[in-house]
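Undergrad: A structural model of the following input is requested.
(chains A and B)
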Amino acid sequence: GDSVTQMEGPVTLSEEAFLTINCTYTATGYPSLFWYVQYPGEGLQLLLKATKADDKGSNKGFEATYRKETTSFHLEKGSVQVSDSAVYFCALRDDKIIFGKGTRLHILP
Amino acid sequence: KAGVTQTPRYLIKTRGQQVTLSCSPISGHRSVSWYQQTPGQGLQFLFEYFSETQRNKGNFPGRFSGRQFSNSRSEMNVSTLELGDSALYLCASSPRAGDNNEQFFGPGTRLTVL
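TA: Sure, this is the predicted structure:
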């Protein structure tokens, strides 16, 4: 069945560092791909999405490109801030939505 | 437009009891999904309802059940609670079922089973 694999955390970076969180997927159909973010004590918020191959989703300085050839949707940000500290979930939706296990990100000032 | 609301936000129960959680989707959204989030297992899909019918179901025992009302509000029930049911229960809504749009999540209900 469909699945999502993302890098395990926690990931700890200094402020202004470059961020990459890897995400790969397996799917039989043509899913949409998402990154969700969960701040402490809150529910999930959509960060960005891409609905077809080669689409790039972007929001708040974060970007991810839907790569069908490598079945990947890696999350990147050029310069992270302390306020980016959160748990990030990669997900796909074909019929059901399937989440990766989440990557906890700590940004040090 | 108001977001997804969940009540209660926090709940403490003891083993063997039952619990009912409520979710009100965004106005106009007809699909409601439920997830269990725990540190060990991450986010696990429980079930999805659309137009008062269960469309999809995850791999949870029959103690977990749900329903959806004609106004799209949904409830989730867990009977004979076990310690392992302690988790954050998240509800998410979307306009339709079975498409590729994102889901909008509520803040969750934190259930603690003692």
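
Undergrad: all strands of chain A, in order?
TA: A:3-6, A:11-14, A:19-21, A:23-26, A:32-38, A:44-50, A:56-59, A:62-65, A:75-77, A:86-93, A:97-99, A:103-108 (DSSP state E).

Undergrad: format those as JSON lines; extra columns: mean neighbour count.
TA: Where C-beta positions appear, they are placed from N, C-alpha and C, glycine not excepted. JSON lines is the format used below for the strands of chain A (neighbours: other Cβ atoms under 10 Å in any protein chain shown):
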{"stretch": "strand A:3-6", "mean neighbour count": "18"}
{"stretch": "strand A:11-14", "mean neighbour count": "14"}
{"stretch": "strand A:19-21", "mean neighbour count": "18"}
{"stretch": "strand A:23-26", "mean neighbour count": "19"}
{"stretch": "strand A:32-38", "mean neighbour count": "24"}
{"stretch": "strand A:44-50", "mean neighbour count": "21"}
{"stretch": "strand A:56-59", "mean neighbour count": "15"}
{"stretch": "strand A:62-65", "mean neighbour count": "20"}
{"stretch": "strand A:75-77", "mean neighbour count": "20"}
{"stretch": "strand A:86-93", "mean neighbour count": "24"}
{"stretch": "strand A:97-99", "mean neighbour count": "22"}
{"stretch": "strand A:103-108", "mean neighbour count": "16"}
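
Undergrad: per-residue pLDDT, the closest residue to chain B within chain A?
TA: Here chain A gets closest to chain B at one residue, residue A:32, 3.6 Å apart by Cβ to the nearest Cβ. Note on residue A:32: pLDDT of 92.

Undergrad: surely it meets residue A:95?
TA: No: contact criterion Cβ atoms under 8 Å: residue A:32 and residue A:95 do not qualify, at 11.1 Å.

Undergrad: near chain B, anything from stretch A:80-98?
TA: Yes: if you take Cβ under 8 Å from any Cβ of the partner chain as the test, stretch A:80-98 does meet chain B, through A:89, A:93-98.

Undergrad: what is the nearest of the residues you listed to residue A:51?
TA: residue A:93 (9.5 Å; Cβ to Cβ).

Undergrad: strands along chain B, start to end?
TA: B:5-7, B:10-13, B:19-24, B:31-38, B:42-50, B:53-57, B:64-68, B:74-78, B:87-94, B:104-105, B:109-113.

Undergrad: what is the first one packed up against?
TA: Pointing back at strand B:5-7 there. strand B:19-24, strand B:87-94 (3 or more Cβ pairs under 8 Å, 6 or more residues apart in numbering or on different chains; DSSP states H and E).

Undergrad: mind listing residues that contact it?
TA: B:21-24, B:89-91, B:106-109 (Cβ atoms under 8 Å, 6 or more residues apart in numbering or on different chains).

Undergrad: same thing but 7 Å
TA: B:21-24, B:91, B:106-109 (Cβ atoms under 7 Å, 6 or more residues apart in numbering or on different chains).

Undergrad: got it, and the shortest one?
TA: Outside strand B:104-105, the residues within contact range by Cβ under 7 Å, 6+ apart are A:43-44, B:3-4, B:26, B:90, B:92-94.
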